[in-house]
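Provided below for reference: sequence and predicted model.
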Amino acid sequence: MNQTKTVWVTGASSGLGLHTAMALRDAGWTVIAGARSFTEPGEKDGMHLLPLDVTSEESVISFCDQALKISPWVSALVQCAGMLVLGSCEETSLEEYQRVMNTNFLGMVRMNRQVLPIMRAQKDGRIVMYSSINGLMGIPFQNAYTASKHAIEGYAEGLQMEVRPFGIQVMLVEPGDHRSGSEKYRPHAAKMGPESPYAAAYESTTAKIHHDETHGSDPDRLGRKVARILERKRMPFRRRIASPDQHLAVYLHKFLPARWNEGILRSYYIRKEKR
C-alpha cells in the first residue's frame, strides 16, 4: 500500500462512519471525510471535511475531484453512509424503499464507479463497504434496510471477482448493534400508526431494536478494528463485528431450518399478545 495512507470515508458526520474516521485518523491516516451535513470544505479535528450526498451523482463527482486535490492517491475508500426506515412491508411506501436503497446501496455504487478508475491506474486500493448483520438475515419491520444490505452483500461478491486482477481488495464489514447513529436516520414509515394492523407487533419490535442499539457494542472499538484490518497485507472479504449472541444468531440462521429461525426471531422481537 502507498505510504501516503489516504482514506475517503463516507457518512462520516455521525454513527459508525464518524467513529471509523476518527479511528483511522488516530492510526495515522490522512482522512478525507464526506457527509451531507458538511456544507463547506474545511478541516476539523485533524480531518479534511468535504460535502457529500451519495444520492447525487453531481455531489459524488465533486467530492472526488476535491479529494484528489488534497491527495492524488486513494489508499482506501470506506463507505459508511446509510439510513433506514422502520415500517411494515405493506405500509412502507415505494418512495421510502427507494430512499433507503438510493442511499445505502446505490450510494456505494456511485462512489465505486468514481474511485475504481483511480485505483486501477494505481494498481492498488481497498474498498470497504459497511453492510450489517441484516445483510445476512432479516428481522421484522426493518425491511427496506435489510433489502439494501442484502443487495450490498451480493454486489460486493461480484465486485471483488472483477477487480482483484487490478490489485484492488474489497471487504464487507457486518456490524451488529452498536451505540451510535442518530434518530433522524431512523425515521418511521409515514403510514405506521396506532391504526395499523401491525401496530402491536411494530411497537414491540421497535422497542427491542431501540434497546439493542442503546445497549450495543462500543463503536470506537469497531473503528479501531477496521483501522487495524486496513493495515494488513490482505484484508478478509467479510468481517463481522458483533456481540457473541449476534454471532450465534447468524450461525443459527445459516444452519437451522427456516421455520425454526422464524420462530426464534419472531419470539425475540414480537411479544405475545395477552388474551
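Good, I have the coordinates. Residues are numbered from 1 along each chain as shown.

from here on, just use CA atoms for contacts and neighbour counts.
Will do.

let me know the secondary structure of Glu174.
When classified by DSSP: H, G, I helix; E, B strand; the rest coil, Glu174 comes out as strand.

check which helix or strand covers Tyr97.
Assigned by DSSP states H and E, Tyr97 belongs to helix 94-104.

ok, residues contacting that helix?
Identification of contacts with helix 94-104 by CA atoms under 8 Å, 6 or more residues apart in numbering yields 54-55, 81-85, 144-145, 147-149, 189.

tell me which residues of whichever helix or strand comes after that helix come out buried.
Using DSSP H and E, the helix or strand that follows helix 94-104 towards the C-terminus is helix 106-122. Residues 106-112, 114-116, 118-120, 122 are the ones in helix 106-122 that count as buried (16 or more other CA atoms under 10 Å).

need the residues you listed in JSON lines (columns: pLDDT and distance to Asn261).
Listed next are the buried residues of helix 106-122 as JSON lines, based on pLDDT from 0 to 100; distance: CA to CA, whole Å:
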{"residue": "Leu106", "pLDDT": "98", "distance to Asn261": "30"}
{"residue": "Gly107", "pLDDT": "98", "distance to Asn261": "31"}
{"residue": "Met108", "pLDDT": "98", "distance to Asn261": "30"}
{"residue": "Val109", "pLDDT": "98", "distance to Asn261": "31"}
{"residue": "Arg110", "pLDDT": "98", "distance to Asn261": "35"}
{"residue": "Met111", "pLDDT": "98", "distance to Asn261": "35"}
{"residue": "Asn112", "pLDDT": "98", "distance to Asn261": "34"}
{"residue": "Gln114", "pLDDT": "98", "distance to Asn261": "40"}
{"residue": "Val115", "pLDDT": "98", "distance to Asn261": "39"}
{"residue": "Leu116", "pLDDT": "98", "distance to Asn261": "39"}
{"residue": "Ile118", "pLDDT": "97", "distance to Asn261": "43"}
{"residue": "Met119", "pLDDT": "98", "distance to Asn261": "41"}
{"residue": "Arg120", "pLDDT": "98", "distance to Asn261": "42"}
{"residue": "Gln122", "pLDDT": "96", "distance to Asn261": "45"}
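
contacting residues for the residue lying closest to Ser131 once chain neighbours are set aside?
Excluding the flanking residues, the one nearest Ser131 by CA to CA, 6 or more residues apart in numbering is Glu174, at 5.0 Å. For Glu174, the contacting residues are 130-133, 135, 238-242, by CA under 8 Å, 6+ apart.

what about Glu174, distance to Gly15?
The gap separating Glu174 from Gly15 is 14 Å, by CA to CA, to the nearest Å.

low-confidence regions, the stretch 51-200 of the chain specifically.
181-186 (pLDDT under 70).

show me where it has its strands.
76-79, 125-130, 168-175 (DSSP state E, counting those that start in this stretch).

in the longest one, what counts as buried?
Neighbour counts using 16+ other CA under 10 Å place 168-175 of strand 168-175 among the buried residues.

with that, I have no additional questions.
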